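1. Using only what follows, build the 3D model:
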Amino acid sequence: MTTKRSTTLVSVARETFFPAMREPLTASPQRFGLLPTKRFWDNWQHRMLALPITLPMMLLFALALVSIPGMLQWPVLTAVLCVAWGHVTHGIVEHRMRSELQHRAMLAPVPVTHRAALPPSRR
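-> Now for the predicted structure:
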């Protein structure tokens, strides 16, 4: 008797709308090595981990930018520079997190899942 694989609406939606969920986060490269990627920052754990780093950097930059004499005369330029610095800050933090994830992945032992993969002396 053959059993049919049941497909639910959730599994179809997951495969349709989120095909990259199966890949590790470091599988896709970061653009220009500095720009943040949407896929990386969609993970709420990454956002919460980077918030204590990025928020003070962005606030300090905004305060330094506003303290420049005459900068408040161009509010659009100030806003654009603050947003650009926010993106660069997220990109730098993402680059550091990616390199740390890759470094930890290289140090982690490779699990042996099949007994046949072990050498004969260790079976």
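2. Show me what the mean pLDDT comes to for the longest helix along the chain.
-> Longest helix of the chain, by residue count under DSSP state H: helix 75-107. Average pLDDT, helix 75-107: 86.
3. separation between residue 71 and residue 36?
-> Noted for residue 71: a distance of 25 Å to residue 36, by CB to CB, to the nearest Å. To be clear about C-beta, it is placed using only N, CA and C from the backbone, and glycine gets the same treatment.
4. So the two - more neighbours on which side?
-> residue 36 (22 against 14; other CB atoms under 10 Å).
5. I'd assumed residue 91 was in contact with that one.
-> Yes. Taking CB atoms under 8 Å as the definition, residue 36 is a contact partner of residue 91 at 4.6 Å.
6. Now for the two: what residues contact both?
-> residue 30 (CB atoms under 8 Å, 6 or more residues apart in numbering).
7. now the helices: where do they sit in this protein?
-> For the chain, applying DSSP H gives helices covering 9-17, 38-41, 44-66, 75-107.
8. In terms of secondary structure, what does the second one contact?
-> Packing contacts for helix 38-41, counted by 3 or more CB pairs under 8 Å, 6 or more residues apart in numbering; DSSP states H and E, involve helix 75-107.
9. buried sites along the helix it packs on?
-> By neighbour count with 16 or more other CB atoms under 10 Å, helix 75-107 contains the buried residues 78, 85, 86, 88, 89, 90, 91, 92, 93, 94, 97, 98.
10. so can I have TSV of these showing distance to residue 49?
-> As requested, the buried residues of helix 75-107 are exported to TSV (distance: CB to CB, whole Å):
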residue	distance to residue 49
78	29
85	20
86	17
88	18
89	14
90	12
91	15
92	14
93	9
94	11
97	7
98	13
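11. Might one say that residue 61 is in contact with residue 85?
-> Yes. Shown here, residue 61 and residue 85 form a contact pair, counting by CB under 8 Å, at 4.8 Å.
12. follow-up on the earlier one: could I get the helices of the chain in TSV, plus columns for distance to residue 32?
-> Formatted as TSV, the helices of the chain follow (distance: least, CB to CB, whole Å):
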stretch	distance to residue 32
helix 9-17	27
helix 38-41	14
helix 44-66	18
helix 75-107	8
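13. Only the C-alpha atoms, please, for stretch 35-45, written as PDB.
-> Output in PDB follows, covering the C-alpha atoms of stretch 35-45 (Å, rounded to 0.1, in the frame of the first residue of the first chain):
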ATOM      1  CA  LEU A  35      25.400  46.800   2.300                       C
ATOM      2  CA  PRO A  36      23.000  44.900   4.500                       C
ATOM      3  CA  THR A  37      20.900  42.200   3.000                       C
ATOM      4  CA  LYS A  38      17.200  41.900   3.700                       C
ATOM      5  CA  ARG A  39      17.300  38.200   4.100                       C
ATOM      6  CA  PHE A  40      19.800  38.400   6.900                       C
ATOM      7  CA  TRP A  41      17.900  41.200   8.800                       C
ATOM      8  CA  ASP A  42      14.500  39.500   8.500                       C
ATOM      9  CA  ASN A  43      15.700  37.200  11.300                       C
ATOM     10  CA  TRP A  44      14.500  38.900  14.500                       C
ATOM     11  CA  GLN A  45      17.300  37.300  16.500                       C
END
